[in-house]
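Peer 1: For reference, the sequence and a predicted model appear below.
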Amino acid sequence: MSNSTRNAGCPRVAGQGAGLADPRVRLLLGATGIATTAAIVRRDRVGPRETQVFHALNTLPNEIFAPVWLVMQGGSLGSVFIAGALAGASGQAALARRILLTGSTTWALSKAIKRGIRRPRPAALLPEAVTRGRAQTGLGYLSGHAGVALAVGIAAYPHLGQRGRLATTVGIPLVWLSRIYVGAHLPLDVVGGAGLGLAIDAAIELTSATRNRSK
């Protein structure tokens, strides 16, 4: 992918400025996001500001659960395979491979980081937390949904039309917020997950560029 294509394609949801067209900058930002949130979170308590943000989103009306649940699937592992299949069906084999690699790697690494940090789900730390839908099992930090949504969105963005880019720009943050609304994650879990997705996308782009130069 050329620099001009990347400049045009990096989504605003990733906080794009001139420097974010460079995958090295995105890798640094993503890694910093992971390191910072991992250093802040605790296994046995939630800070007052994070608690306040969580409750503001988690206590939104139950009536919006159905559409929120649909949006939330944009960060699921299944969405990776669907997006990859759609890219392949449209004749974009390289994009399909990129999406599958980026999404699956982000999902797998999120599981590994969870086991290292071992922060519980919100309900275990905040008794008043509302859990919507199927009860979440496992650990909270970091959010695999947040990471997958961002990583796949960045990979696909340059290849989308205007409507697709708008949907991606709006949809990614909504996936992040949805995980807090349903009670699956605390805010720092989501920030850490977004950092992971940003870092994985950048690392894969850098690896691909290095491999192409060596040919």
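Peer 2: Structure's in. What do you need? Note that the coordinates shown come from a computational prediction; the quantities given were computed from them, not determined experimentally.
Peer 1: Just the buried residues of the longest helix along the chain, please?
Peer 2: If you go by DSSP state H, the chain has its longest helix at helix 187-214. Buried positions in helix 187-214, judged by neighbour count with 16 or more other C-beta atoms under 10 Å: 187-205, 208. Bear in mind the C-beta positions are built from the backbone N, C-alpha and C, glycine included.
Peer 1: Nearest residue to residue 103 in space, please, no chain neighbours.
Peer 2: Excluding its sequence neighbours, the residue lying closest to residue 103 (C-beta to C-beta, 6 or more residues apart in numbering) is residue 80, at 3.1 Å.
Peer 1: Number of residues surrounding the one you found?
Peer 2: 23 (other C-beta atoms under 10 Å).
Peer 1: isn't residue 42 right next to residue 119, touching?
Peer 2: Yes: look at residue 42 against residue 119 with C-beta atoms under 8 Å: they come within range, at 7.4 Å.
Peer 1: and these two? which has more neighbours close in?
Peer 2: residue 119 (25 against 12).
Peer 1: how about that one, secondary structure?
Peer 2: Residue 119 falls in the coil class when you classify it by DSSP: H, G, I helix; E, B strand; the rest coil.
Peer 1: any idea how far residue 94 is from the nearest residue to it once chain neighbours are set aside?
Peer 2: In this structure, residue 119 finds its nearest non-sequential neighbour in residue 141, 3.8 Å apart by C-beta to C-beta, 6+ apart. Distance, residue 141 to residue 94, using C-beta to C-beta, to the nearest Å: 33 Å.
Peer 1: And those two? Which one has more around it.
Peer 2: Comparing residue 141 with residue 94 by other C-beta under 10 Å, the one with more neighbours is residue 141, at 28 against 12.
Peer 1: contacting residues around that one?
Peer 2: 37, 38, 41, 113, 114, 117, 119, 185, 186, 188, 189, 192 (C-beta atoms under 8 Å, 6 or more residues apart in numbering).
Peer 1: how about these in a markdown table, adding distance to residue 129?
Peer 2: Formatted as a markdown table, the contacts of residue 141 follow (distance: C-beta to C-beta, whole Å):
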| residue | distance to residue 129 |
| --- | --- |
| 37 | 19 |
| 38 | 21 |
| 41 | 16 |
| 113 | 22 |
| 114 | 18 |
| 117 | 19 |
| 119 | 14 |
| 185 | 10 |
| 186 | 9 |
| 188 | 15 |
| 189 | 13 |
| 192 | 18 |
